[in-house]
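[1] Requesting a structural model of the entry that follows:
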Amino acid sequence: MFAIDGVKLPANASKAKSGTRADYQRQIDKMERAAKQMLTMHQSADSVHADDGSAKQVARKLQCLQKEAQRLRDWLARNPEDRKGSKRGIRLSNLTDNESAKMATSKGVLQGYTGVAAVDEKTQIIVDAQAHGTGSEQALLLPVLEATAALRNVDTVITADAGYHSQANLKALAKQRINAYLPDNGYRQRDERYVDQHIHTGKPDPLWNKGKQIKSSHCFKPADFQLAEDHTHCICPMGKRLYSNGSNCPINGYAAMKFSGAKQDCVPCMRRKECLRTPETTATRQVSFFKGKRNAEENYVEWMKVKIDSDKGKEMITRRFATVEPVFGNLRSNKRLNRFTLREKTKVDGQWKLYCLVHNIEKLAHHGYTR
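    Below is the predicted model:
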């Protein structure tokens, strides 16, 4: 069994230097305005022949501003486009290390890299190590599978945590006929072993509680609306008709029927506060009735849920913990790898591999390979 997991570590880069090209251009414009004001002050001081040190101080500040503005211009010239995210969005750039990324952790947001390791269960040897400048673990599973292909056989099992669970990854694992166990984010709610976990969320904790917060809603729910047999409309609790505005709308991978009320019915309604979350800004109520999954590919997620909820799946989750977490504990606590000291992905990847290599040498020595 190969257990795959990642650890997010700070980079040798300033989080305050992160932004988009538009952010950097605004900084340049702001510096130029400040420099123009300082230049005017400097010229007025020359006209009155000021001999104090204020003129020299203004000159030094002006020089620093011009130097920083030029550095930003040079960076924009070297990087003509923003970094692209995994979902075609814009990923923040960084002036000190543009290949690092902002990452959310349990202790806040850091500027860093994700060190990924695939660990063999029997010996806790790291069979593959990679460092990536992204906090999205879903995009890091397939590169590890490709790197370990020569080390796996038909009996090899792959385990990973919920961060690697995605439709694309499960589909790729199925196509390659790889026996894998990737839990989803909701597996703890279905596992009786975690039935008492809500007790711990109430304890005082200085760290941010990333658990899903239960939101209370006083609004009417879809169950309070009566769907017509021909699915052309539905009736609200006040007896008014909501008309169809889509019979096969995609919502988070599901197909749904959407209905919307008429303004002449919703605006003068006396129960708007019970129906709308923001009655001051929302004119009409919309309701969606879900029909199920949109396509058959979603079965990969359902199949993995059944696999994880089985006795074997629960066992593999525990075995993954015992395999990979001690390795990260050794690297971070014993080897003191608290942050990456180099810059750029190639160098950081080499530093991560070096620490993993030292871990492997230590393991081999303890297993008696030195004799």
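
[2] now the longest helix along the chain: mean pLDDT?
    Longest helix in the chain, counting residues (DSSP state H): helix 21-47. Regarding helix 21-47, the rounded mean pLDDT is 78.

[3] now the next helix or strand after it against helix 21-47, angle please.
    Using DSSP states H and E, the helix or strand that follows helix 21-47 in sequence is helix 54-78. Between helix 54-78 and helix 21-47, the angle comes out at 150 degrees (axes from the mean of the first three to the mean of the last three C-alpha atoms, to 10 degrees).

[4] Run me through the strand neighbours of the helix or strand following helix 54-78, direction for each.
    As assigned by DSSP H and E, the chain's next helix or strand after helix 54-78 is strand 83-84. Partner strands and pairing direction for strand 83-84 (DSSP bridges) are strand 90-91 (antiparallel).

[5] Give me the next element, helix or strand, following the partner strand.
    Following strand 90-91 in sequence order, the next helix or strand is strand 93-94 (DSSP H and E).

[6] which other helices and strands contact the longest helix of the chain?
    For helix 21-47, the packing partners by 3 or more C-beta pairs under 8 Å, 6 or more residues apart in numbering; DSSP states H and E come out as helix 54-78. Glycine gets a C-beta too; all of them are placed from N, C-alpha and C.

[7] Can you list the buried residues in the helix it packs on?
    Neighbour-count burial for helix 54-78, counted by 16 or more other C-beta atoms under 10 Å, picks out 55, 58, 62, 65, 69.

[8] and if you look at stretch 80-94?
    Using 16+ other C-beta under 10 Å as the test for burial, stretch 80-94 gives 82-83, 91-94.

[9] One more: stretch 220-237?
    So, applying 16+ other C-beta under 10 Å, buried residues of stretch 220-237: 220, 225, 227, 234, 236.

[10] In helices only, show me the residues you listed.
    Using DSSP H, no member of the buried residues of stretch 220-237 falls in helices.

[11] Let me see the mean pLDDT of the lengthiest strand in the chain.
    In the chain, assigned by DSSP state E, the strand with the most residues is strand 108-120. Confidence for strand 108-120, expressed as mean pLDDT, is 92.

[12] Which strands border the helix or strand following that strand, and is each parallel or antiparallel?
    Next along the chain after strand 108-120, taking DSSP H and E as the criterion, comes strand 126-132. Here strand 126-132 is paired, per DSSP bridges, with strand 108-120 (antiparallel).

[13] May I see the buried residues of the strand it pairs with?
    For strand 108-120, burial by neighbour count (16+ other C-beta under 10 Å) applies to 110-120.

[14] How about stretch 132-140?
    For stretch 132-140, a neighbour-count test (16+ other C-beta under 10 Å) marks 132-137, 139-140 as buried.

[15] now swap in stretch 289-308 and tell me
    Within stretch 289-308, the residues that count as buried by 16+ other C-beta under 10 Å are 294, 300-301, 304-305, 307-308.

[16] Show the average pLDDT along that stretch.
    77.

[17] from the chain's centre, how far out does that stretch sit?
    Here stretch 289-308 is found 23 Å from its chain centre; the criterion is C-alpha atoms, centre = their mean, to the nearest Å.

[18] go on, stretch 258-277?
    For stretch 258-277, the distance to the chain centre is 36 Å (C-alpha atoms, centre = their mean).

[19] residues making contact with that stretch?
    Contact partners of stretch 258-277, identified using C-beta atoms under 8 Å, 6 or more residues apart in numbering, comprise 217-220, 225, 233-234, 236-238, 240-246, 249, 279, 282-289.

[20] I'd like to know which of those residues are buried.
    Neighbour counting with 16+ other C-beta under 10 Å marks 220, 225, 234, 236, 242, 279, 284-285, 287 as buried within the contacts of stretch 258-277.

[21] what's the most distant pair in those residues?
    Spatial extent of the buried ones among the contacts of stretch 258-277 (C-beta to C-beta) is set by the pair C234 and P279 at 19.8 Å.

[22] What separation do you get for the residue positioned nearest the centre of the chain and M103?
    Of all residues in the chain, the one closest to the mean position by C-alpha atoms, centre = their mean is S136, 4.8 Å from it. Counting by C-beta to C-beta, to the nearest Å, the gap from S136 to M103 is 9 Å.

[23] what's the overlap in contacts for the two?
    Among the neighbours of S136, none is also in contact with M103 (C-beta under 8 Å, 6+ apart).

[24] Many thanks, we can stop here.
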